[in-house]
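Enquirer: I'd like to go over a predicted model; first the sequence, then the structure.
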Amino acid sequence: MHWLVALSGGLDSTVLLAALAHNVPKQRLRAVHIDHGLHPRSTQWSAHCRSVARDLGVTLQVIRIRPRKKGRSLEAVAREMRYEALARVLHRDEVLLTAHHADDQLETVLLQLFRGAGTAGLAAMPELAPFACGWLVRPLLTRTREELETWARASSLQWVEDDTNADERFDRNYLRRRILPLVRSRWQGVAAAVGRSARHAAEAQRLLDALGRADVERACDGADLSLKSLRALHPDRRRNALRYWIARAGFRPPDTRRLEELAGPMIEARQDANPRVSWADAVVQRHADLLSIAPASAAAGSAARGQMSASDNGVAVAQWRWRTQPVLQWRPDSRLELRADAHGPIDLDALPEMLVIRTRAGGERLRPRRGGARRALKSLLQETHVPLDERARMPLIFSGNTLLAAGARWLDASIQATPESVHRGRLKMHLHRRSLT
């Protein structure tokens, strides 16, 4: 196992890296520092991280990102970009480690509670979570900041202090500086107790996810949901199923008001209506007796995401000029990559320069074997027991109306490489979660 530490230069991540450097073979350990450029001293912090890593004998990679407001707080955008950058650099044989500790967890749970979050929000940060091509681990969640500082001083470690942590205009800082000292004076073990509550909430959320998965699997029609199946559910289960379906498609769930609209008026609308509900991430539209979901920002972000749009039946669509844009951000949680590969299964010379990517709409067929019959994609998915959530997210690659590939699983015979193929390539899919804290 190899380890990648997210190093900010602060106390917590410095302790984590130093502890690992003394207990893990150096060839199995490396660090990454994300320079957000949001603080006047961000360049100095990067230099400090290089110094720390050098003293510990650990390889460090520095990545610069420049967040900009996109209708959300700059901090939220920076956090999202940070995790996207970490996902890009994580190797398949690595585990990403972050230095969140018990006090971070306490603050996160309370802030989620103040915002009216459900069980998913109150579960806060898990100790172990799938991430990119591997896993994210938070090994310090049971340790308090006081314990980390004691260890750091005993080990003569140096770290940087972010002076914006004193700015009480930010909710987390206000909570940390004004509220929690009073809480701890009365309940000294509050961090450990709230940490247990977060684990209980996480267990409850896993049960809700299992129920949502079962309900969605019964209601699935390709990537869409059957209204008949949704109407048969109790309103509580219906809302839970919709939350699960939306999250499985890679989008953030809507607020309570919009979720109520999805679970009620949209489903109960008259037969000939085509209502739609949209929020920051997605748009859900009804067509006859089906609900479909697509990126809400498709039109506005078409250039950045390969001309992504929503087709007439609500299926997400993107145009992909793969020769000039070998990596396509297909959905918020996934991207496609087409690279030259001398042993790849695709004949690049047979592949049209303009491709169309979309999710399933039903009735798709391709010829998976040379000389063989054309097969219904639905039959191939059923025969190979592809999980329903993977079916819903699988990108289908077309040229006009001809299906050329179903994800990286099946290629149409027309683009399959042969021993005579001069230029060969391989299609890869990269998936990651966007809901990490």
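Expert: Yep, it's here.
Enquirer: hey, let's count contacts and neighbours off CA atoms from now on
Expert: Will do.
Enquirer: Identify the spatial nearest neighbour of residue 45, chain neighbours not counted.
Expert: Among residues not flanking residue 45 along the chain, residue 9 sits closest, at 6.5 Å (C-alpha to C-alpha, 6 or more residues apart in numbering).
Enquirer: got a list of what residue 217 touches?
Expert: Residue 217 sits next to residue 388 when contact means C-alpha atoms under 8 Å, 6 or more residues apart in numbering.
Enquirer: the strands in the stretch 201-350 of the chain, which residues?
Expert: Secondary structure of the stretch 201-350 of the chain (DSSP state E, counting those that start in this stretch): strands located at 220-221, 224-226, 276-278, 282-287, 290-295, 309-310, 316-321, 327-331, 334-340, 346-347.
Enquirer: Check those for me: which has the lowest mean pLDDT.
Expert: Per-stretch mean pLDDT for those is lowest at strand 309-310 (a mean of 44).
Enquirer: Read off the pLDDT value for the residue nearest to residue 45.
Expert: Note on residue 9: pLDDT of 95.
Enquirer: Can you give me the domain boundaries for this protein?
Expert: When the chain is parsed with automatic domain parsing, its domains come out as 2-192, 222-295, 309-431.
Enquirer: Let's have these in CSV, adding distance to residue 209.
Expert: CSV is the format used below for these (distance: least, C-alpha to C-alpha, whole Å):
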stretch, distance to residue 209
domain 2-192, 10
domain 222-295, 6
domain 309-431, 12
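Enquirer: circling back to that earlier point, ok, which of the strands of the stretch 201-350 of the chain comes nearest residue 176?
Expert: In terms of C-alpha to C-alpha, the element of the strands of the stretch 201-350 of the chain nearest to residue 176 is strand 282-287, at 33.6 Å.
Enquirer: Just checking: what are the partner strands of that closest one?
Expert: strand 276-278 (antiparallel), strand 290-295 (antiparallel) (DSSP bridges).
Enquirer: buried stuff in the longest one?
Expert: So the one you mean is strand 290-295. Buried positions in strand 290-295, judged by neighbour count with 16 or more other C-alpha atoms under 10 Å: 290-295.
Enquirer: List just the nearest of these to residue 83.
Expert: Ranked by distance to residue 83 (C-alpha to C-alpha), those are led by residue 295 at 19.9 Å.
Enquirer: now that closest one, which residues is it bridged with?
Expert: With DSSP bridges as the criterion, residue 295 is bridged to residue 282.
Enquirer: And stretch 190-208, how far out from the chain middle?
Expert: Chain-centre distance of stretch 190-208: 21 Å, with C-alpha atoms, centre = their mean, to the nearest Å.
Enquirer: sorry, back to before: state the pair within the buried residues of strand 290-295 that is farthest apart.
Expert: The largest separation in those, counting by C-alpha to C-alpha, is between 290 and 295 at 17.1 Å.
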